[in-house]
Structures are given as structure tokens and as C-alpha cells.
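# from the sequence below, what's the structure:
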Amino acid sequence: MGIFKRLRDLTVASVNDVIDSMEDPVVMLTQYMRDMEVEIGQVEVAVARQVAMEKRFHQQWEEAMNQVKKRERQITLALNEGEDEIARRALIDKKQHEARAQELEALHLAARDAAQQMREKLAELKDEFYKLRAKKYTLVSRAQVARTQKQVNQAIVGMNGESASRGFYRMEERVMRLEAEADISGQWKSTRLGIDESLRGVERDEIAAELAELKAKLNKQKAGQDQPGEQGNAPEALNN
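Numbering: from 1, shown residues only. You can find the predicted model right below:
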């Protein structure tokens, strides 16, 4: 029996934990207010029925009392006319209406008291409803503030030890590494440009020297060609 009781207790505790986790304060407060509205509506219907019953008993009592007064007049007229039998029957009917009137009066008073109690109960329910409705707004606001605070706290805890914060700092390191690589590549480019300029300077000097050598050769060739030409042109001048 002890094992089964413990199992039952564990089951009940587990179910209660699940129910507690499912109970959203805002949703539950709204539902409770709806339930109270339904209850107030039912009481209002009951009060209306009770008031209608009270009025009906009062109306029936007045009708019975009118019959009693009517029979009293008939008895007086019958006795004045010497109609004892008519007066006797009218008296019997009067007593019946009086008994009926007494019953209806008792029912009317009971219905009136019940209606009054129900009115008071309805007024209490409405007062309680208005108080709880005002308190509901306060509780809903407090629940929303607490929920927001909880989310903020969870976010802060997550930033302190989880991947978001680590990822941020990792990206910061990556940016710094990219900047360092950019600096290094810029220095290499500057060095390369200097080397290229030096090479171009050497090439220009070599080309200039080679051009100068070629010019010297051409000048020598021209000088050698010019001397024979001058000697060959003399006879032609003489022939002319």
C-alpha cells in the first residue's frame, strides 16, 4: 500500500506541476472574470424571476382581498333584503377568499424577503466583481512587468556565458585579424612597388646605354660611308 500511495502522490505532484506551468496568470484572471460575469448574469435572471413571483403573489392577494370586500357588500345587501340564504353563501365564499388571501399574503411576504436577499447577494457579487476587475488590471500589469524582467534577466545570463557573447567577441577578434592582414598586405604592396620602381630604373639605364651604343655604331657607319662617296662624286663633277 505504501508503494502505491507514493506512486499516486508522485503522479498527483507531476500533474500539479504541469498544471501550474500551463496556468498563465493573465489568461486565468481573464477566465475568472468571465466566470464571475456568467455567475452574475445567472443571479440577475434568478432575481428577476423572484421579483416577478413576488409581484404575482401580491396581485393575487389583492384580487382575493377585493373578493372578500365584494362578498362583504353582498352579505350586507342580502341581509337588508332579507335574503338569508344568499347572505349565508356569500359569507362562506368570503371566508374562502379570506383564507386564500392569507395564504397569498404569506407567499408574497416570503417571496419579497427572498427577492430582497437575492438583490443584496447580487449587489455583493457586483461589488466583488468591480473590486476584482480593478485588481485584475494591477495583477496583469505586475505579471507583464515580471515577465519582461525575467526575459531581461535571461538575456543577461545568456550574454554572460552563452554563444551570443562569445560569438560577438570572436567576431571582434576576426575584425582585428583582418585589419592586421590589411596592414601587412599594404606594407608588402609598398615594398613591391619600391622594387618595381628600382627595376624600372635599372631597365631605363640599360636601354639608354644600349641606345647610345647603337647611335655610336650608326654614326661610325655613316662616317665610313660618307668618305668613299665624296671621292666617287668628283669625276662626275668633272664630266659635267
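
# OK, contacts around the residue nearest to the spatial centre of the chain?
The central residue of the chain, meaning the one whose C-alpha is nearest the mean C-alpha position (CA atoms, centre = their mean), is residue 144 at 9.7 Å. Residue 144 sits next to residue 26 when contact means CB atoms under 8 Å, 6 or more residues apart in numbering. Every residue, glycine included, has its C-beta placed from N, CA and C.

# next structured bit after the helix or strand bottoming out on mean pLDDT in the chain?
For the chain, scoring each helix and strand by mean pLDDT, DSSP states H and E identifies helix 2-22 as the least confident one, at a mean of 52. Proceeding N to C from helix 2-22, the next assigned helix or strand is helix 25-81, under DSSP states H and E.

# and that next one, how far out from the chain middle?
The offset between the C-alpha centroid of helix 25-81 and the centroid of the whole chain comes to 48 Å, using CA atoms, centre = their mean, to the nearest Å.

# show me where the protein dips below the pLDDT cut-off.
By pLDDT under 70, the weakly predicted segments of the chain are 1-23, 155-165, 185-204, 226-240.

# got the domain ranges for it?
25-161, 164-220 (automatic domain parsing).

# distance of the residue nearest to the centre of the chain from residue 32?
17 Å (CB to CB, to the nearest Å).

# how about residue 81?
73 Å.

# ok, now residue 72?
The value you get for residue 72 to residue 32, if CB to CB is used, is 59 Å.

# same question, residue 139
Counting by CB to CB, the gap from residue 139 to residue 32 is 10 Å.

# chain center to stretch 135-146, what's the gap?
With CA atoms, centre = their mean as the basis, the mean position of stretch 135-146 lies at 14 Å from the chain mean.

# same thing with stretch 207-227?
Taking CA atoms, centre = their mean, one finds stretch 207-227 lying 96 Å from the centre of the chain it belongs to.

# likewise stretch 131-149?
For stretch 131-149, the distance to the chain centre is 14 Å (CA atoms, centre = their mean).

# now do stretch 83-98
Taking CA atoms, centre = their mean, the mean C-alpha location of stretch 83-98 is offset from the chain mean by 78 Å.

# show me what contacts residue 121?
The contact partners of residue 121, by CB under 8 Å, 6+ apart, come to residue 43.

# oh, that last question was meant for residue 115, not what I typed.
If you count contacts by CB under 8 Å, 6+ apart, residue 115 has them with 47, 50-51, 53-54.

# one step back: just the domains of the chain: most buried one?
Each of the domains of the chain was scored by mean neighbour count; the highest is domain 25-161, a mean of 14, by mean count of other CB atoms under 10 Å.

# now that one: how far from the chain's centre is it?
Between the centre of domain 25-161 and the centre of its host chain there is 40 Å, according to CA atoms, centre = their mean.

# going forward, count from 739.
With the count now opening at 739, the last piece we talked about shows up as domain 763-899.

# now do residue 809 against residue 789, distance only.
From residue 809 over to residue 789 the distance is 31 Å, taken as CB to CB.

# my error: substitute residue 838 in the last question.
Relative to residue 789, residue 838 is positioned 22 Å away (CB to CB).

# likewise residue 831?
The value you get for residue 831 to residue 789, if CB to CB is used, is 32 Å.

# please apply the same query to residue 807.
Remark: distance between residue 807 and residue 789 (CB to CB) = 27 Å.

# hmm, back to that, and the contacts of residue 853 as a markdown table, adding distance to residue 945?
Formatted as a markdown table, the entries for the contacts of residue 853 read as follows, by distance: CB to CB, whole Å:
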| residue | distance to residue 945 |
| --- | --- |
| 785 | 118 |
| 788 | 124 |
| 789 | 123 |
| 791 | 128 |
| 792 | 128 |
